[in-house]
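**Q** Quick one, fold the following:
(4 chains)
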2 protein chains.
Amino acid sequence: MDDDDVFKALADPSRRMLLDRLCEKNGQTLGQLCESMDMKRQSVTQHLGRLEQANLISTVRRGREKLHFINPVPLYEVYERWIRKFEEGRLSLLHDLKQQLERNKK
Amino acid sequence: MDDDDVFKALADPSRRMLLDRLCEKNGQTLGQLCESMDMKRQSVTQHLGRLEQANLISTVRRGREKLHFINPVPLYEVYERWIRKFEEGRLSLLHDLKQQLERNKK
DNA sequence: CATATATGCAGGTATTTAACTGCATGTCAA
DNA sequence: TTGACATGCAGTTAAATACCTGCATATATG
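**A** Residues are numbered from 1 along each chain as shown, chains lettered A, B, ... in the order given. Sure thing, here's the model as predicted:
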(Lines give C-alpha, C1' and ligand atoms only; values in the text may rest on other atoms or scores of the structure.)
Protein backbone atom coordinates (compact mmCIF):
# COMPACT_ATOMS: atom_id res chain seq x y z
CA MET A 1 0.00 0.00 0.00
CA ASP A 2 1.17 3.47 -0.83
CA ASP A 3 0.51 5.99 1.91
CA ASP A 4 1.09 8.82 -0.48
CA ASP A 5 -1.68 7.77 -2.86
CA VAL A 6 -4.12 7.56 0.02
CA PHE A 7 -3.24 10.96 1.43
CA LYS A 8 -3.33 12.58 -2.01
CA ALA A 9 -6.67 10.94 -2.75
CA LEU A 10 -8.11 12.32 0.49
CA ALA A 11 -6.73 15.80 -0.19
CA ASP A 12 -9.51 16.75 -2.61
CA PRO A 13 -12.95 17.74 -1.28
CA SER A 14 -14.74 16.25 -4.29
CA ARG A 15 -13.16 12.88 -3.61
CA ARG A 16 -14.08 13.06 0.07
CA MET A 17 -17.60 13.89 -1.05
CA LEU A 18 -17.62 10.78 -3.23
CA LEU A 19 -16.49 8.62 -0.32
CA ASP A 20 -19.25 10.18 1.74
CA ARG A 21 -21.85 9.27 -0.88
CA LEU A 22 -20.58 5.71 -1.03
CA CYS A 23 -20.65 5.55 2.73
CA GLU A 24 -24.33 6.43 2.68
CA LYS A 25 -25.08 3.97 -0.10
CA ASN A 26 -22.46 1.52 -1.24
CA GLY A 27 -22.27 0.05 -4.74
CA GLN A 28 -23.43 3.08 -6.71
CA THR A 29 -22.90 3.47 -10.45
CA LEU A 30 -20.92 6.26 -12.05
CA GLY A 31 -24.15 7.86 -13.20
CA GLN A 32 -25.64 7.83 -9.72
CA LEU A 33 -22.51 9.36 -8.23
CA CYS A 34 -22.52 12.07 -10.89
CA GLU A 35 -25.96 13.28 -9.80
CA SER A 36 -24.59 14.75 -6.58
CA MET A 37 -21.38 16.15 -8.00
CA ASP A 38 -21.86 19.40 -9.95
CA MET A 39 -19.17 18.60 -12.50
CA LYS A 40 -18.99 16.70 -15.76
CA ARG A 41 -19.12 12.95 -15.76
CA GLN A 42 -15.58 12.70 -17.08
CA SER A 43 -14.24 14.68 -14.12
CA VAL A 44 -16.02 12.39 -11.70
CA THR A 45 -14.45 9.45 -13.52
CA GLN A 46 -11.02 10.95 -12.94
CA HIS A 47 -11.67 11.39 -9.24
CA LEU A 48 -12.98 7.85 -8.92
CA GLY A 49 -9.84 6.68 -10.70
CA ARG A 50 -7.66 8.30 -8.08
CA LEU A 51 -9.71 6.78 -5.30
CA GLU A 52 -9.38 3.39 -6.92
CA GLN A 53 -5.62 3.82 -7.37
CA ALA A 54 -5.39 4.53 -3.65
CA ASN A 55 -7.40 1.36 -3.09
CA LEU A 56 -10.05 3.38 -1.31
CA ILE A 57 -12.71 2.01 -3.62
CA SER A 58 -13.17 -1.14 -5.69
CA THR A 59 -15.28 -1.45 -8.80
CA VAL A 60 -17.31 -4.18 -10.46
CA ARG A 61 -18.91 -4.04 -13.88
CA ARG A 62 -22.52 -5.07 -14.18
CA GLY A 63 -23.44 -4.99 -17.83
CA ARG A 64 -22.97 -1.50 -19.10
CA GLU A 65 -22.84 -0.12 -15.56
CA LYS A 66 -19.90 0.18 -13.19
CA LEU A 67 -20.53 -0.26 -9.50
CA HIS A 68 -18.34 1.43 -6.90
CA PHE A 69 -17.64 0.06 -3.43
CA ILE A 70 -15.82 1.75 -0.59
CA ASN A 71 -12.84 0.00 0.96
CA PRO A 72 -12.10 0.96 4.57
CA VAL A 73 -8.78 -0.85 4.87
CA PRO A 74 -6.39 1.88 3.66
CA LEU A 75 -8.11 4.41 5.91
CA TYR A 76 -7.58 2.17 8.87
CA GLU A 77 -3.93 1.69 7.95
CA VAL A 78 -3.46 5.44 7.68
CA TYR A 79 -4.99 5.76 11.11
CA GLU A 80 -2.71 3.11 12.54
CA ARG A 81 0.46 4.45 10.98
CA TRP A 82 -0.17 8.14 11.34
CA ILE A 83 -2.82 9.24 13.69
CA ARG A 84 -2.51 6.88 16.62
CA LYS A 85 1.21 7.56 16.64
CA PHE A 86 0.65 11.27 17.18
CA GLU A 87 -2.03 10.74 19.77
CA GLU A 88 0.16 8.71 22.05
CA GLY A 89 2.08 10.92 24.41
CA ARG A 90 1.46 13.95 22.26
CA LEU A 91 -1.18 15.30 24.56
CA SER A 92 1.78 16.86 26.33
CA LEU A 93 1.87 19.84 23.98
CA LEU A 94 1.28 22.34 26.74
CA HIS A 95 3.85 20.64 28.89
CA ASP A 96 6.41 20.82 26.08
CA LEU A 97 5.65 24.48 25.52
CA LYS A 98 6.08 25.31 29.18
CA GLN A 99 9.33 23.37 29.30
CA GLN A 100 10.76 25.26 26.33
CA LEU A 101 9.72 28.61 27.76
CA GLU A 102 11.44 27.72 31.04
CA ARG A 103 14.60 26.94 29.12
CA ASN A 104 14.25 30.40 27.58
CA LYS A 105 14.53 32.15 30.94
CA LYS A 106 17.97 30.74 31.75
CA MET B 1 -11.33 23.85 12.07
CA ASP B 2 -11.01 23.35 8.37
CA ASP B 3 -10.88 19.74 7.30
CA ASP B 4 -9.59 20.70 3.91
CA ASP B 5 -6.50 22.45 5.26
CA VAL B 6 -5.65 19.40 7.34
CA PHE B 7 -6.03 16.94 4.46
CA LYS B 8 -4.09 19.17 2.08
CA ALA B 9 -1.35 19.60 4.67
CA LEU B 10 -1.06 15.84 5.05
CA ALA B 11 -1.01 15.28 1.29
CA ASP B 12 2.67 16.16 0.92
CA PRO B 13 5.37 13.66 1.91
CA SER B 14 7.75 16.40 3.03
CA ARG B 15 5.17 17.72 5.45
CA ARG B 16 4.49 14.26 6.81
CA MET B 17 8.24 13.91 7.25
CA LEU B 18 8.29 17.13 9.25
CA LEU B 19 5.50 15.87 11.50
CA ASP B 20 7.51 12.70 11.95
CA ARG B 21 10.57 14.64 13.03
CA LEU B 22 8.54 16.68 15.48
CA CYS B 23 7.00 13.50 16.81
CA GLU B 24 10.47 12.17 17.56
CA LYS B 25 11.59 15.43 19.14
CA ASN B 26 9.11 18.19 19.81
CA GLY B 27 9.98 21.88 19.91
CA GLN B 28 12.65 21.95 17.20
CA THR B 29 13.82 25.13 15.51
CA LEU B 30 13.51 25.80 11.79
CA GLY B 31 17.25 25.25 11.43
CA GLN B 32 17.10 21.87 13.14
CA LEU B 33 14.20 20.73 10.98
CA CYS B 34 16.06 21.84 7.85
CA GLU B 35 18.93 19.47 8.59
CA SER B 36 16.85 16.42 7.72
CA MET B 37 15.02 17.87 4.76
CA ASP B 38 17.15 18.00 1.57
CA MET B 39 15.65 21.26 0.35
CA LYS B 40 16.27 24.94 0.90
CA ARG B 41 15.34 26.54 4.18
CA GLN B 42 12.72 28.73 2.51
CA SER B 43 10.92 25.68 1.17
CA VAL B 44 10.83 24.12 4.61
CA THR B 45 9.40 27.39 5.92
CA GLN B 46 6.61 27.15 3.36
CA HIS B 47 5.78 23.60 4.40
CA LEU B 48 5.79 24.53 8.07
CA GLY B 49 3.49 27.42 7.21
CA ARG B 50 0.96 25.04 5.72
CA LEU B 51 1.18 22.77 8.73
CA GLU B 52 0.62 25.74 11.00
CA GLN B 53 -2.32 26.95 8.93
CA ALA B 54 -3.87 23.51 9.35
CA ASN B 55 -3.23 23.88 13.07
CA LEU B 56 -1.11 20.74 13.00
CA ILE B 57 1.78 22.62 14.59
CA SER B 58 2.14 25.64 16.84
CA THR B 59 5.17 27.89 17.05
CA VAL B 60 6.84 29.98 19.72
CA ARG B 61 9.67 32.43 19.21
CA ARG B 62 12.64 32.18 21.52
CA GLY B 63 14.93 35.06 20.70
CA ARG B 64 16.00 34.73 17.10
CA GLU B 65 14.85 31.11 16.98
CA LYS B 66 11.41 29.74 16.22
CA LEU B 67 10.33 26.58 17.99
CA HIS B 68 7.84 24.18 16.41
CA PHE B 69 5.43 21.98 18.36
CA ILE B 70 3.15 19.30 17.03
CA ASN B 71 -0.57 19.53 17.76
CA PRO B 72 -2.43 16.21 17.71
CA VAL B 73 -5.95 17.65 17.96
CA PRO B 74 -6.74 18.13 14.24
CA LEU B 75 -5.48 14.64 13.50
CA TYR B 76 -7.82 13.22 16.09
CA GLU B 77 -10.72 15.21 14.68
CA VAL B 78 -9.97 13.93 11.20
CA TYR B 79 -9.98 10.44 12.62
CA GLU B 80 -13.29 11.00 14.36
CA ARG B 81 -15.01 12.59 11.39
CA TRP B 82 -13.58 10.51 8.63
CA ILE B 83 -11.98 7.27 9.52
CA ARG B 84 -14.12 5.92 12.31
CA LYS B 85 -17.15 6.64 10.16
CA PHE B 86 -15.89 4.40 7.41
CA GLU B 87 -14.81 1.67 9.75
CA GLU B 88 -18.23 1.21 11.25
CA GLY B 89 -20.29 -1.22 9.24
CA ARG B 90 -17.97 -0.87 6.29
CA LEU B 91 -16.32 -4.18 6.91
CA SER B 92 -19.22 -5.50 4.90
CA LEU B 93 -17.51 -4.81 1.59
CA LEU B 94 -17.51 -8.42 0.57
CA HIS B 95 -21.12 -8.74 1.65
CA ASP B 96 -22.08 -5.73 -0.46
CA LEU B 97 -20.20 -7.09 -3.45
CA LYS B 98 -21.93 -10.44 -3.20
CA GLN B 99 -25.29 -8.75 -2.86
CA GLN B 100 -24.78 -6.67 -5.98
CA LEU B 101 -23.61 -9.66 -7.97
CA GLU B 102 -26.71 -11.55 -6.89
CA ARG B 103 -28.84 -8.68 -8.16
CA ASN B 104 -26.94 -9.04 -11.41
CA LYS B 105 -28.25 -12.54 -11.99
CA LYS B 106 -31.89 -11.55 -11.90
C1' DC C 1 29.22 48.97 17.12
C1' DA C 2 30.28 45.10 13.95
C1' DT C 3 29.70 40.58 12.59
C1' DA C 4 27.60 36.20 12.46
C1' DT C 5 23.40 33.67 12.86
C1' DA C 6 18.27 32.64 12.49
C1' DT C 7 14.47 33.65 10.23
C1' DG C 8 11.14 36.52 7.00
C1' DC C 9 9.57 38.05 2.55
C1' DA C 10 9.09 38.69 -2.54
C1' DG C 11 9.12 37.01 -6.80
C1' DG C 12 10.22 33.28 -10.71
C1' DT C 13 9.46 28.71 -12.80
C1' DA C 14 8.45 24.00 -13.91
C1' DT C 15 5.25 20.48 -12.64
C1' DT C 16 0.93 18.78 -11.18
C1' DT C 17 -3.85 18.84 -11.27
C1' DA C 18 -8.77 19.52 -11.74
C1' DA C 19 -11.78 21.00 -14.65
C1' DC C 20 -13.41 21.02 -19.49
C1' DT C 21 -14.65 19.32 -24.78
C1' DG C 22 -15.09 15.97 -28.31
C1' DC C 23 -15.30 11.54 -29.87
C1' DA C 24 -15.23 6.28 -29.28
C1' DT C 25 -16.77 1.95 -27.38
C1' DG C 26 -19.76 -1.24 -25.31
C1' DT C 27 -24.46 -2.84 -23.72
C1' DC C 28 -29.49 -3.10 -23.40
C1' DA C 29 -34.14 -3.16 -25.37
C1' DA C 30 -37.50 -2.67 -28.99
C1' DT D 1 -30.45 -4.44 -36.20
C1' DT D 2 -31.08 0.18 -34.57
C1' DG D 3 -31.42 3.73 -31.27
C1' DA D 4 -30.75 4.96 -26.52
C1' DC D 5 -27.93 4.75 -22.67
C1' DA D 6 -23.58 4.03 -19.62
C1' DT D 7 -19.05 4.44 -19.66
C1' DG D 8 -14.01 5.02 -21.72
C1' DC D 9 -10.31 7.69 -23.73
C1' DA D 10 -7.53 11.69 -25.60
C1' DG D 11 -6.30 16.34 -25.64
C1' DT D 12 -6.70 21.40 -23.81
C1' DT D 13 -6.41 24.89 -20.33
C1' DA D 14 -6.34 27.60 -16.10
C1' DA D 15 -5.07 27.29 -11.46
C1' DA D 16 -2.44 25.42 -7.68
C1' DT D 17 1.92 24.10 -5.91
C1' DA D 18 6.57 22.87 -4.67
C1' DC D 19 10.64 24.05 -5.50
C1' DC D 20 14.14 27.77 -6.30
C1' DT D 21 17.01 32.64 -5.91
C1' DG D 22 17.89 37.08 -3.93
C1' DC D 23 17.45 40.28 -0.53
C1' DA D 24 15.66 42.10 4.10
C1' DT D 25 15.11 41.96 9.04
C1' DA D 26 15.95 40.72 13.68
C1' DT D 27 18.81 38.85 17.41
C1' DA D 28 22.96 37.24 19.83
C1' DT D 29 27.89 37.87 20.70
C1' DG D 30 32.57 39.66 20.42
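**Q** With adjacent residues omitted, what lies nearest to the closest residue to chain B within chain A?
**A** Residue nearest to chain B within chain A: A:Ala11 (3.6 Å; C-beta to the nearest C-beta). Bear in mind the C-beta positions are built from the backbone N, C-alpha and C, glycine included. Distance criterion C-beta to C-beta, 6 or more residues apart in numbering or on different chains; nearest residue to A:Ala11, sequence neighbours excluded, is B:Ala11 at 3.6 Å.
**Q** Counting neighbours, what do you get for the residue lying closest to A:Val78 once chain neighbours are set aside?
**A** Among residues not flanking A:Val78 along the chain, A:Val6 sits closest, at 5.5 Å (C-beta to C-beta, 6+ apart). Residues near A:Val6, counting by other C-beta atoms under 10 Å in any protein chain shown, number 23.
**Q** Please tell me how far A:Val6 sits from A:Gln28.
**A** 21 Å (C-beta to C-beta, to the nearest Å).
**Q** secondary structure element for the residue nearest to A:Val78?
**A** Using DSSP states H and E, A:Val6 sits within helix A:3-10.
**Q** And the contacts of that helix?
**A** With contact meaning C-beta atoms under 8 Å, 6 or more residues apart in numbering or on different chains, helix A:3-10 is reached by A:15-16, A:50-51, A:53-56, A:74-75, A:77-78, A:81-82, B:7, B:10-11, B:13, B:16, B:82.
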